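Trainee: A predicted structure for the sequence below; I have some questions about it.
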Amino acid sequence: MLLLKAKSKGLAFGKKQALAPFIFEWKIGEHWGIIGPNGSGKTQFIKLISSTLYDFRTSVEYFFKPAKNKEPEDMLEVISLEKQRELVESLDIYVQMRWNSTIEEDSTPTLDDWFSQDAIEGVYPTELVVRTKAQVQQFNKHKKQYIEQFKLGALMKQHVAELSNGEMRRAFIARALLSQPRILFLDAPFMGLDTATRELLTKNINLLSEKHAIALATTSEAELPSCITHIIELDAAGNIIYCGVRKATKQEKVKHSDFENVSVANAYQKLPSKATFTHREPINPKAKALVEFAGTSISYGDNHVFKDFTWTIRAGERWALVGENGSGKSTLIALILGDHQQGYANNLKLFGKARGSGESIWDIKKKLGWVSPELHTCIDEKLSIFSVVLSGFSDTPYPTGRFTKTKKDAALAMLDKLGIDVDPDEPFGSLSGGEQRLVLLARALVKKPPLLVLDEPCQNLDKKNCEHFLKLLDELCTDTATALVYVTHLRGTMPKCLTHKLLLTRC
């Protein structure tokens with residue numbers, strides 16, 4: 001028995017084909033994996049069959065009976081980077097908001113508020129809705145179940161802007177389930193998650209498949225949970241090259257990095273803090289210190305993230321910053337970027353100047369190139385690809401001021417060097433998630449900064465693009481004194497140029 005049927009005459013953006021014509025039938029009991037390289041059309045395929053992208057040449061029929069007072073389209077939920085970006089826009093969340101607690105407490109809801117029955121059902125504050133006792137009890141039962149299932153209990157009083165990338169992903173899925181969807185679409189759900197969180201999410205997706213139809217898009221078949229029964233494989237041109245039963249019925253084991261085995265120069269030196277260093281001695285003690293933490297302590301109420309933390313990054317050093325979700329990596333990065341307000345109350349020097357000594361945040365950012373999940377969700381998808389790369393010179397999520405021919409030529413050259421073969425005038429939002437990440441990498445590299453801070457730069461890149469970027473990064477580090485702070489959870493996405501390691505563990 002059919003669940004849905006889709007017919008499409010194809011999809012294109014400008015002169016570029018996003019998807020070739022296709023006919024797709026989804027039967028009850030099937031769970032689909034959509035795999036293919038960056039730019040192959042995985043995201044667009046999900047958008048079309050979930051009716052989140054309207055295209056007059058595509059028709060979609062749903063054959064399941066919707067809940068009372070709902071249309072079939074109301075029984076679909078999509079979890080994707082684009083949906084996360086829509087949340088950021090709707091709540092006016094900006095890049096630094098997570099670190100400015102006095103602002104976020106007033107302007108964004110707590111997770112508990114965001115999970116309320118009124119919020120899930122889209123009830124306006126002025127509306128009066130009468131529910132039966134059974135309806136309220138049923139909702140609360142499901143709410144408790146999903147909070148426990150996705151381990152969100154300790155986060156319910158936090159504000160949405162405070163959540164980390166991994167916490168937000170778990171919350172997104174749990175909240176989507178509260179509307180009791182018939183079909184759950186997951187587009188690159190494992191981006192930026194550590195091993196434990198990936199395993200938790202995989203386990204829960206398998207459990208969800210017992211009640212919900214699942215479609216999951218990823219660049220690697222190895223990431224597909226065991227519940228996936230059928231596969232659509234797309235090639236780089238958007239053609240479906242395989243559509244049918246999953247050949248490997250047993251889930252493949254993804255070789256995630258356990259943080260103790262990230263390979264760099266020397267053995268560990270245990271320090272009296274929650275941080276562990278490898279090769280802590282500077283390669284060149286006379287090299288300029290770019291970042292200096294000296295007895296830094298960061299806390300939120302009774303929660304101490306760091307206490308008496310000391311760390312120096314010198315020109316030419318390339319650091320792997322590793323640790324599980326919630327260990328403090330993002331806090332460290334926010335301090336380096338000048339975004340964290342507690343940097344002013346600590347002995348912290350950035351590029352030779354103490355925080356609070358008169359330098360502006362823009363003086364700091366001039367010397368930095370940066371990629372992170374938070375930045376990605378704050379980029380306006382209506383900006384052109386060219387504008388996004390140029391924004392690397394203005395150190396904001398959007399380009400400001402006038403740009404010289406030299407800078408414009410540098411932006412185009414960086415797009416070419418990274419192999420981003422698209423029309424630079426096309427909107428950023430027309431790209432796949434992986435292609436968008438490559439554009440952000442071009443943005444970070446374009447001004448050749450003395451320090452690069454790359455937070456999960458290869459997430460959602462296919463193997464070819466990942467290897468190409470790592471090679472480019474190794475070449476950059478060979479030819480220049482550029483320092484690097486590189487954050488990742490996966491062993492296969494480490495560049496060879498790394499010389500030092502900082503491992504963070506939870507207290």
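Mentor: Good, I have the coordinates.
Trainee: domains in the chain, as residue ranges please.
Mentor: The chain breaks down into these domains under automatic domain parsing: 1-64+183-254, 98-181, 257-367+450-507, 379-448.
Trainee: in the stretch 401-507 of the chain, which spans are helices?
Mentor: Listed in chain order, the helices of the stretch 401-507 of the chain (DSSP state H, counting those that start in this stretch) span 405-417, 433-445, 463-479.
Trainee: Just name whatever secondary elements the second one is in contact with.
Mentor: Helix 433-445 is packed against strand 368-371, helix 373-378, helix 385-394, helix 405-417, strand 451-455, helix 463-479, with contacts defined by 3 or more CB pairs under 8 Å, 6 or more residues apart in numbering; DSSP states H and E. Using the backbone N, CA and C atoms, a C-beta is placed for each residue, glycine as well.
Trainee: For Thr296, which of the ones you listed is the nearest?
Mentor: Thr296 sits nearest to strand 451-455 of all the helices and strands packed on helix 433-445, at 16.8 Å, using CB to CB.
Trainee: that older thread, out of the domains of the chain, which gets the lowest mean score?
Mentor: Across those, domain 257-367+450-507 has the smallest mean pLDDT, namely a mean of 76.
Trainee: Send over stretch 40-57 as PDB, restricted to the C-alpha atoms.
Mentor: Extracted C-alpha coordinates of stretch 40-57, given in PDB (Å, rounded to 0.1, in the frame of the first residue of the first chain):
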ATOM      1  CA  SER A  40      23.600  15.900  -5.900                       C
ATOM      2  CA  GLY A  41      20.200  17.100  -5.000                       C
ATOM      3  CA  LYS A  42      19.500  15.200  -1.700                       C
ATOM      4  CA  THR A  43      18.100  18.300   0.100                       C
ATOM      5  CA  GLN A  44      16.000  19.300  -2.900                       C
ATOM      6  CA  PHE A  45      14.600  15.800  -3.200                       C
ATOM      7  CA  ILE A  46      13.500  15.900   0.400                       C
ATOM      8  CA  LYS A  47      12.000  19.400  -0.100                       C
ATOM      9  CA  LEU A  48      10.000  18.300  -3.100                       C
ATOM     10  CA  ILE A  49       8.500  15.100  -1.600                       C
ATOM     11  CA  SER A  50       7.800  16.900   1.700                       C
ATOM     12  CA  SER A  51       6.100  19.800  -0.100                       C
ATOM     13  CA  THR A  52       8.400  22.400   1.600                       C
ATOM     14  CA  LEU A  53       9.500  23.400  -1.900                       C
ATOM     15  CA  TYR A  54       6.800  24.100  -4.500                       C
ATOM     16  CA  ASP A  55       7.600  23.400  -8.100                       C
ATOM     17  CA  PHE A  56       4.800  23.400 -10.700                       C
ATOM     18  CA  ARG A  57       6.600  20.600 -12.600                       C
END
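Trainee: Thr480 - how many residues pack around it?
Mentor: The local packing of Thr480 (other CB atoms under 10 Å) involves 12 other residues.
Trainee: Burial check on the residue nearest to it when sequence neighbours are not counted, number of neighbours?
Mentor: Nearest non-adjacent residue to Thr480, counting by CB to CB, 6 or more residues apart in numbering: Lys448, 7.3 Å away. If you count neighbours by other CB under 10 Å, Lys448 ends up with 12.
Trainee: I figured Lys448 hits Thr482, correct?
Mentor: Yes: contact criterion CB atoms under 8 Å: Lys448 and Thr482 qualify, at 7.3 Å.
Trainee: Quick check: beta-bridge partners of Asp455?
Mentor: Beta-bridge pairing of Asp455 under DSSP bridges involves Val487.
Trainee: what residue lies at the spatial centre of the chain?
Mentor: The centroid of the chain falls nearest to Pro373 when counting by CA atoms, centre = their mean (4.1 Å).
Trainee: tell me the most buried of the helices of the stretch 401-507 of the chain?
Mentor: Highest mean neighbour count of those: helix 433-445, a mean of 23 (counted as mean count of other CB atoms under 10 Å).
Trainee: Give me the distance between the residue nearest to Thr480 and Ile34.
Mentor: Separation of Lys448 from Ile34 (CB to CB, to the nearest Å): 37 Å.
Trainee: cool, and Thr331?
Mentor: Computed with CB to CB, the distance linking Thr331 and Ile34 is 35 Å.
Trainee: Dump the domains of the chain into a markdown table; add distance to Pro72 as well.
Mentor: Output for these, formatted as a markdown table (distance: least, CB to CB, whole Å):
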| stretch | distance to Pro72 |
| --- | --- |
| domain 1-64+183-254 | 4 |
| domain 98-181 | 11 |
| domain 257-367+450-507 | 29 |
| domain 379-448 | 26 |
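Trainee: out of those, which comes closest to Gln84?
Mentor: Among those, domain 98-181 sits nearest to Gln84 (CB to CB), with 6.6 Å.
Trainee: circling back to that earlier point, which one of the helices of the stretch 401-507 of the chain lies nearest to Val388?
Mentor: Of all these, helix 433-445 sits nearest to Val388, with 5.5 Å by CB to CB.
Trainee: quick revisit: wait, which of the helices and strands packed on helix 433-445 is closest to Gly166?
Mentor: helix 373-378 (9.4 Å).
Trainee: hmm, back to that, out of the domains of the chain, nearest to Val78?
Mentor: Ranking the domains of the chain by their distance to Val78 (criterion: CB to CB) puts domain 1-64+183-254 first, at 4.4 Å.
Trainee: what about the nearest residue to Gly295 once chain neighbours are set aside, helix or strand, and which?
Mentor: Nearest in space to Gly295, with sequence neighbours left out and distances taken as CB to CB, 6+ apart, is Asp308 at 5.0 Å. Asp308 belongs to strand 303-314 when assigned by DSSP states H and E.
Trainee: so how far is Leu473 from the residue lying closest to Thr493 once chain neighbours are set aside?
Mentor: Leaving out its chain neighbours, the residue that sits closest to Thr493 by CB to CB, 6+ apart is Cys458, at 4.0 Å. According to CB to CB, Cys458 stands 10 Å off from Leu473.
Trainee: One more: Asp479?
Mentor: Distance of Asp479 to Leu473, given as CB to CB: 11 Å.
Trainee: one step back: could I get the helices and strands packed on helix 433-445 as JSON lines with distance to Phe24?
Mentor: Listed next are those as JSON lines, based on distance: least, CB to CB, whole Å:
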{"stretch": "strand 368-371", "distance to Phe24": "34"}
{"stretch": "helix 373-378", "distance to Phe24": "29"}
{"stretch": "helix 385-394", "distance to Phe24": "29"}
{"stretch": "helix 405-417", "distance to Phe24": "33"}
{"stretch": "strand 451-455", "distance to Phe24": "36"}
{"stretch": "helix 463-479", "distance to Phe24": "26"}
